[in-house]
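Engineer: Here is a sequence with its predicted model. Questions after.
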Amino acid sequence: MGWKGTVRSIAAVARAAERDAQRRHKVAMKDQTTANAANAVSDWENYVEDLISVHVDLADKIDWTEISTRPKPPKPELTTYNQQKAEKALNNFKPGLFDFFSGGTENKRNRLKVALGKAQTADQEKFDSKMISHNNALEEWGADTKLAERLIAGDMKAMSEVIREMQSFEEQALIGSAVSFTVGEEGVHAMPKVHNDEIIPNMRRKQLASGKLSETNMPIGQFNELYQDYVCSVALKVAGDLFHIIPLDEVFVTCQTTMLNSGTGHQELTPILSVQFIRDTFCRLNLANIDPSDSMRNFNHKMSFKKTKGFSPIEPLMGL
């Protein structure tokens with residue numbers, strides 16, 4: 001083969017390698033696009049699911065009846081383990097032939113006596129530490145028992161104390177910016193300030209058969225219904241948390257959000273859902289499988305909602 005043929009052969013191989021590299025690059029890009037689309041759709045679906053399932057993860061349940069009957073913490077006893085060990089070493093001490101290497105028999109015996117004194121001190125210090133812990137536990141037991149008894153008796157001040165102490169609703173970002181409470185003889189009224197409808201995505205995502213990502217505008221009806229489910233899910237969450245931490249048979253929850261007041265032209269905090277939750281009915285719900293909006297039918301509630309318009313202001317069941 002002449003040099004021209006050799007060059008043509010090398011060029012042909014190079015072109016084939018380039019075509020193969022381009023093909024692999026296109027396949028890799030397609031696979032990456034497919035993967036990115038799948039991840040984008042998955043993220044969108046998970047976010048929407050999170051919005052309408054805020055109520056599934058409730059606060060830990062507190063058994064106030066069990067707390068009210070807990071026995072008093074037992075008082076610790078003084079143990080003499082270190083003393084007994086040191087006494088045994090002293091009592092079993094026998095002069096040895098090579099004691100002079102360690103200062104003599106008497107010095108060795110004195111060191112054992114000193115060790116005995118230190119052992120007694122160590123036992124006492126350990127006991128004193130246990131007593132401090134016991135006194136703290138006793139004080140906590142007394143406070144918890146009295147609080148449990150007050151709660152079981154329906155003391156509303158006790159209810160207020162527990163709510164203030166254990167108010168962790170704001171830590172749940174999806175609930176909203178704040179939750180306020182009124183506690184009185186009429187009962188407990190929780191008022192979460194939920195996010196406005198900007199929390200709902202205005203686009204729908206799906207992956208096409210080609211693997212590419214498709215984004216389309218969400219229909220207004222679906223958008224409003226998602227927001228309705230979100231608000232109802234928050235109401236369920238707040239009610240469920242309250243039922244788990246205080247022994248009440250009913251609680252009121254009113255969800256509020258900022259809305260435009262057409263009369264003033266200003267954005268104002270406005271009640272859009274108010275529910276009287278009954279414990280027995282609530283506990284019978286399968287929270288993981290309910291539709292939040294549909295579940296409101298189980299309770300006395302106020303909600304003005306239209307699929308085409310969304311929420312309208314309402315008067316709460318209990319005064320704010």
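Structural biologist: Perfect, I can see it now.
Engineer: mean confidence for stretch 136-144?
Structural biologist: Average pLDDT, stretch 136-144: 89.
Engineer: Name the surrounding residues that touch that stretch.
Structural biologist: 67, 70, 72-73 (Cβ atoms under 8 Å, 6 or more residues apart in numbering). (Glycine included, C-beta is placed from N, CA and C.)
Engineer: In helices only, show me these.
Structural biologist: Judged by DSSP state H, the contacts of stretch 136-144 include I67 as members of helices.
Engineer: Could I get the contacts of stretch 136-144 in TSV, plus columns for neighbour count and distance to D43?
Structural biologist: Converted to TSV, the contacts of stretch 136-144 look like this (neighbours: other Cβ atoms under 10 Å; distance: Cβ to Cβ, whole Å):
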residue	neighbour count	distance to D43
I67	16	42
R70	11	46
K72	10	53
P73	16	50
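Engineer: and of the contacts of stretch 136-144, the nearest to N298?
Structural biologist: Nearest to N298, judged by Cβ to Cβ, of these is I67 at 29.7 Å.
Engineer: Is the residue lying closest to that closest one once chain neighbours are set aside in a helix, a strand, or coil?
Structural biologist: In space, and not counting its chain neighbours, I67 is closest to A148: 4.2 Å by Cβ to Cβ, 6 or more residues apart in numbering. Assigned by DSSP: H, G, I helix; E, B strand; the rest coil, the conformation of A148 is helix.
Engineer: show me the contacts for A148.
Structural biologist: 64-65, 67-68.
Engineer: Out of the residues you listed, which end up buried?
Structural biologist: Buried members of those, counted by 16 or more other Cβ atoms under 10 Å: 64, 67-68.
Engineer: want to try TSV for the residues you listed, with pLDDT as columns?
Structural biologist: Shown next, in TSV, are the buried ones among the contacts of A148 (pLDDT from 0 to 100):
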residue	pLDDT
W64	90
I67	89
S68	90
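Engineer: can you tell me the average pLDDT over stretch 166-182?
Structural biologist: For stretch 166-182, mean pLDDT rounds to 71.
Engineer: Could you do stretch 253-261 as well?
Structural biologist: For stretch 253-261, the mean per-residue pLDDT is 90.
Engineer: Among the contacts of A148, which one lies nearest to M203?
Structural biologist: Proximity of those to M203 (Cβ to Cβ) peaks at W64, which lies at 46.6 Å.
Engineer: Spatially nearest residue to that closest one (excluding sequence neighbours)?
Structural biologist: Nearest residue to W64, sequence neighbours excluded (Cβ to Cβ, 6+ apart): A148, at 4.4 Å.
Engineer: on that earlier part again, show the model's pLDDT score for the residue nearest to I67.
Structural biologist: 91.
Engineer: give me every residue that touches P271.
Structural biologist: Taking Cβ under 8 Å, 6+ apart, one finds 191, 254-256, 313-316, 320 in contact with P271.
Engineer: quick one: the strands in the stretch 1-150 of the chain?
Structural biologist: When secondary structure is read from DSSP state E, counting those that start in this stretch, the stretch 1-150 of the chain shows no strands.
Engineer: Would you map the helices across it?
Structural biologist: Along the stretch 1-150 of the chain, the stretches classed as helices by DSSP state H, counting those that start in this stretch are 3-51, 64-68, 81-91, 105-152.
Engineer: So which of the contacts of P271 is the closest to M303?
Structural biologist: Distances from M303 to the contacts of P271, taken as Cβ to Cβ, are shortest for I314 (6.5 Å).
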